[in-house]
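**Student:** give me a 3D structure for the following:
(4 chains)
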Number of protein chains: 2
Amino acid sequence: MATIRDVARAANVSIATVSRVLNGSPRLSEDARRRVSRAAAELDYWPNGAARSLTTRRAHAFGVLLPDLYGEFFSEVIRGIDHAARGEKFQVLISSSHANADEVVSAARSMRGRVDGLIVMAPDERSAEALDRISRRFPVVVLNPGFGVEECSTVSVANFAGAYALVGHLLRLGHRTIAVIKGPPENVDAEERFRGYKQALGEAGVQPTSTLEIQGDFTELSGYRAAPELIRLDPRPSAVFAANDCMAVGLLSALSTAGIKVPHQMAVAGFDDIAIARYLTPPLTTVHVDAYELGARAVRLLVSAKQSSDPTLCSHEVVPTQLVVRRSCGSTGPREELVSEPARAGAPEEGGADGVLPHSRRLES
Amino acid sequence: MATIRDVARAANVSIATVSRVLNGSPRLSEDARRRVSRAAAELDYWPNGAARSLTTRRAHAFGVLLPDLYGEFFSEVIRGIDHAARGEKFQVLISSSHANADEVVSAARSMRGRVDGLIVMAPDERSAEALDRISRRFPVVVLNPGFGVEECSTVSVANFAGAYALVGHLLRLGHRTIAVIKGPPENVDAEERFRGYKQALGEAGVQPTSTLEIQGDFTELSGYRAAPELIRLDPRPSAVFAANDCMAVGLLSALSTAGIKVPHQMAVAGFDDIAIARYLTPPLTTVHVDAYELGARAVRLLVSAKQSSDPTLCSHEVVPTQLVVRRSCGSTGPREELVSEPARAGAPEEGGADGVLPHSRRLES
DNA sequence: TTGTAAGCGTTATCAA
DNA sequence: TTGATAACGCTTACAA
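**Tutor:** Now for the predicted structure:
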């Protein structure tokens, strides 16, 4: 493989000149420029990125550390990151499946010298110390941390506000006995969504009832299993808020088997707005989480941190969620205004598929 | 940031010794080992990857070049790659949204020195020359190439076999007038699926009828628009093979609106087995494409190429597809044996969601 | 068993 | 405007 030395030799100049030409430095004779360009093209010279980043101390790359890569959420986050990074001419180094804080640190460690910054999604609440260690060496943006993060920037999902808005919607539809299927106990998203639920009920003057709070774990199965419990309740809830769409899917399936009509006998709402939500029977009212935006903002934060005068300064952003009203909760008196969903950010135009898809209404929260 | 020199100074040894200890070289005094480990820990020394790969000439990373990152297919490919790479202690450098061959080459170029091999999905058929250029500098595995690739290894999806098996299934169900909604004209997956369709019909002695071959473009909308055409046909087809699931979704939606019962009045089948396929009404019979495996195999190929005696030797693998029988095509006489779907490779256990999901039958092809 | 020193392929700082 | 040459931080002969 040709190196800068080979090009220099072929062009009959020094390696310094080759470097200058290739990096577009001013103050170069047209002659040198021509000779170097020609030699580089002839040898099909590809500069070595490792050598370059060793001297310049920048890698033109971001690292991404995730607990998992499974499911739409993570793939959308990645897509947002990739897209934004590409716009900034940065590459993306991915490392996923980190089950605990130690793995995150070791992955970050192995990226030393290869990335200019890190986007991290912490696997659990005990990662605070890990983040601290990492952020001493890299600019770091933490995605949706579930704990207080001081030393680095964060981008979070508006879980609380989303749940609050959704339950508010249910209340406005006239529901007063609203059950909830909670997410896993230690999960921060789950906790925030539950807080939003409580808050909305509290403000509406609805008494909290612990029997209406069913423990789930974000799986379809746990939603399925919640059904008999819900049906048995007295008074039976007229609406159920599943803390994520997967559980709503399981619940709908079980209710359908049990012959309970949705939304007439029981309204069902979810959270996340996964792809299948609109194809369910009935289409699921839920809260849209913009994972793409989460990733894209993280990149922007990282870029602006590098350019700012005080790189240690950190900001905390919250990506808003959107209430997506479909048919699983019925409608308020008069027919609702139907608004088609906007295309996903950065998604390829799907040629007016709007005409095909179930309509829905969106409200930012 | 501490460098190897700082560690050497603190441990009172030479940098060579530090390097040896950190890389686990044998023939070292316990004393040196202890002192170096201690100093490294104390300084929280993180080796510089760029420097390391500059000297060792290996980066412990693979590059991934994709046309897009949108949709389940690509995210599953990435997941397969990431998972397999992690098993081999390799990192993954991603670059997507390449619209043409030039962009692919320039992305590959920018990865020089930073990766040990490349997994490439070519954006179009004119990429052959680009691949040639790239494979002169890296070991390359091409994902699902639509053209003959000699100079590097490939992993492909069994599009032909999948379509052949699916149409065979329709024929066995007694269908003789089977329409097809084709994919975009230049698309290789689309072509292969169409070939499989033709072949199956041909072998069954069914005359090809050009009016049964409707042009689509893989979008939901094109499937939707195919419906009136199909309904108007005389004789009306008793089954339709949509060359991908998106088009099947659009078609189902249109047929439902038109009041045509699926599968009784018209059977519908798709290809890809996207996540929503099993949630459609009725659940869609389709062909499962294992994108995860596609990615994972690419990594394995790359790894084995590096270890083989002749790294220029290349192999061509085909990932089999699976016929997934759900309810959109009806059933053969006696009730079909119902077999639940296996978990996705490498996916987290979803705790027996089998009980919740629509059942389906799978056959490898 | 350890240290010295020569790279790896760039960029950047001097002089010229 | 150009060319030597010294970094950058590491690994690895080769010597000791």
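**Student:** just to check, A:N144 is in contact with A:S156?
**Tutor:** Yes: the pair A:N144 / A:S156 is scored as a contact, 5.0 Å apart, by Cβ atoms under 8 Å. All C-beta spots, glycine's among them, are computed from the backbone N, C-alpha and C.
**Student:** surely A:A179 meets A:I231?
**Tutor:** No: applying Cβ under 8 Å as the test, A:A179 and A:I231 come out as separate, 10.6 Å apart.
**Student:** these two: which is more packed in?
**Tutor:** Applying other Cβ atoms under 10 Å in any protein chain shown to A:A179 and A:I231 shows that A:A179 carries more neighbours, namely 24 against 15.
**Student:** name the element that one belongs to?
**Tutor:** Using DSSP states H and E, A:A179 maps to strand A:178-182.
**Student:** all strands for chain A, in order.
**Tutor:** A:61-65, A:91-95, A:117-120, A:140-143, A:153-157, A:178-182, A:213-215, A:239-242, A:267-269, A:286-288, A:316-319, A:322-325, A:361-364 (DSSP state E).
**Student:** give me the nearest residue to the most centrally placed residue in chain A, chain neighbours excluded.
**Tutor:** Chain A has A:A291 as the residue nearest its centroid, 2.9 Å off, counting by Cα atoms, centre = their mean. Computed as Cβ to Cβ, 6 or more residues apart in numbering or on different chains, the closest residue to A:A291 that is not its neighbour in sequence is A:E76, at 3.5 Å.
**Student:** quick one: contacts for A:A305?
**Tutor:** Residues in contact with A:A305 (Cβ atoms under 8 Å, 6 or more residues apart in numbering or on different chains) are A:G117, A:P139, A:V141, A:S153, A:P311, A:L313, A:C314.
**Student:** tabulate those (TSV), appending pLDDT.
**Tutor:** Listed next are these as TSV, based on pLDDT from 0 to 100:
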residue	pLDDT
A:G117	96
A:P139	94
A:V141	96
A:S153	93
A:P311	67
A:L313	81
A:C314	86
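**Student:** highest neighbour count among these?
**Tutor:** Neighbour counts for the contacts of A:A305, by other Cβ under 10 Å, peak at A:V141, which reaches 30 neighbours.
**Student:** surely that one meets A:L118?
**Tutor:** Yes: the pair A:V141 / A:L118 is scored as a contact, 7.5 Å apart, by Cβ under 8 Å.
**Student:** picking that back up, can you name every helix or strand that the strand holding A:A179 contacts?
**Tutor:** Under the contact definition 3 or more Cβ pairs under 8 Å, 6 or more residues apart in numbering or on different chains; DSSP states H and E, strand A:178-182 sits against helix A:159-172, helix A:188-203, strand A:213-215, helix A:220-232, strand A:239-242.
**Student:** how about the residue in the stretch 101-250 of chain A positioned nearest to chain B, nearest residue that isn't a chain neighbour?
**Tutor:** Of all residues in the stretch 101-250 of chain A, A:G113 sits closest to chain B, at 3.5 Å by Cβ to the nearest Cβ. Take A:G113 and drop its neighbours on the chain: the residue closest to it by Cβ to Cβ, 6+ apart is B:N48, 3.5 Å away.
**Student:** and for that neighbour, the neighbour number?
**Tutor:** Neighbour count of B:N48, defined by other Cβ under 10 Å: 19.
**Student:** one more: A:T17?
**Tutor:** The number of residues packed near A:T17 is 20, by other Cβ under 10 Å.
**Student:** make sure it is actually in contact with A:R9.
**Tutor:** No: counting by Cβ under 8 Å, A:T17 stays clear of A:R9, with 11.8 Å between them.
**Student:** list the contacts of A:V120.
**Tutor:** A:V120 makes contacts with A:V64, A:L65, A:V104, A:A108, A:L131, A:I134, A:V140, A:V141, A:V142, A:L143, as judged by Cβ under 8 Å, 6+ apart.
**Student:** let me know the closest of those to DNA strand C.
**Tutor:** Of all the contacts of A:V120, DNA strand C sits closest to A:A108, with 23.2 Å by Cβ to the nearest atom of the strand.
**Student:** quickly note the distance from the nearest residue to the closest one once chain neighbours are set aside to B:R327.
**Tutor:** Nearest residue to A:A108, sequence neighbours excluded (Cβ to Cβ, 6+ apart): A:I134, at 4.6 Å. Counting by Cβ to Cβ, to the nearest Å, the separation of A:I134 from B:R327 is 50 Å.
**Student:** neighbour count winner among these two?
**Tutor:** Legend: neighbour count by other Cβ under 10 Å for A:I134 and B:R327, higher for A:I134 (27 against 20).
**Student:** need the pLDDT of that one.
**Tutor:** For A:I134, the pLDDT comes out at 94.
**Student:** the residue nearest to A:A291 contacts A:A296, doesn't it?
**Tutor:** No: between A:E76 and A:A296 there is no contact under Cβ under 8 Å: 10.0 Å.
**Student:** contacts only, for A:G202.
**Tutor:** Residues near A:G202 by Cβ under 8 Å, 6+ apart: A:P208.
**Student:** where's it relative to A:F194, distance?
**Tutor:** Counting by Cβ to Cβ - A:G202 and A:F194 are separated by 12 Å.
**Student:** again, but for A:A59
**Tutor:** As defined by Cβ to Cβ, A:A59 lies at a distance of 41 Å from A:F194.
**Student:** so which of the two has more stuff around it?
**Tutor:** Neighbours per residue (other Cβ under 10 Å) separate A:A59 from A:F194, with A:A59 holding more: 25 against 20.
**Student:** which non-adjacent residue is nearest the more buried one?
**Tutor:** Take A:A59 and drop its neighbours on the chain: the residue closest to it by Cβ to Cβ, 6+ apart is A:S53, 4.3 Å away.
**Student:** and the pLDDT at the one you found?
**Tutor:** pLDDT at A:S53 comes out at 98.
**Student:** check whether it really touches A:P47, as I assumed.
**Tutor:** No: the pair A:S53 / A:P47 is not scored as a contact, 10.7 Å apart, by Cβ under 8 Å.
**Student:** circling back: just the contacts of A:V120 now: which is nearest B:I214?
**Tutor:** For these, the closest approach to B:I214 (Cβ to Cβ) belongs to A:V64, at 41.9 Å.
**Student:** show me the contacts for that closest one.
**Tutor:** A:V64 neighbours (Cβ under 8 Å, 6+ apart): A:I78, A:I81, A:V92, A:L93, A:I94, A:S95, A:S96, A:L118, A:I119, A:V120.
**Student:** if we use 6 Å, what do you get?
**Tutor:** By Cβ atoms under 6 Å, 6 or more residues apart in numbering or on different chains, the residues touching A:V64 are A:I81, A:V92, A:I94, A:I119.
**Student:** my guess is the first one contacts A:E293. True?
**Tutor:** Looking back up the chat, that one is A:I81. No: the criterion here is Cβ atoms under 6 Å, and A:I81 misses it with A:E293 at 10.7 Å.
**Student:** the more surrounded of the two?
**Tutor:** In this view A:I81 and A:E293 are compared by other Cβ under 10 Å, and A:I81 has more residues nearby, 29 against 21.
**Student:** quick one: the more buried one and A:G87, what's the gap?
**Tutor:** Here the criterion is Cβ to Cβ. By it, A:I81 lies 11 Å from A:G87.
**Student:** who in the stretch 201-350 of chain A is up against chain B?
**Tutor:** For the stretch 201-350 of chain A, the contact set with chain B under Cβ under 6 Å from any Cβ of the partner chain comprises A:T219, A:E220, A:L221, A:Y224, A:G250, A:S253, A:I276, A:Y279, A:T281, A:A347, A:E350.
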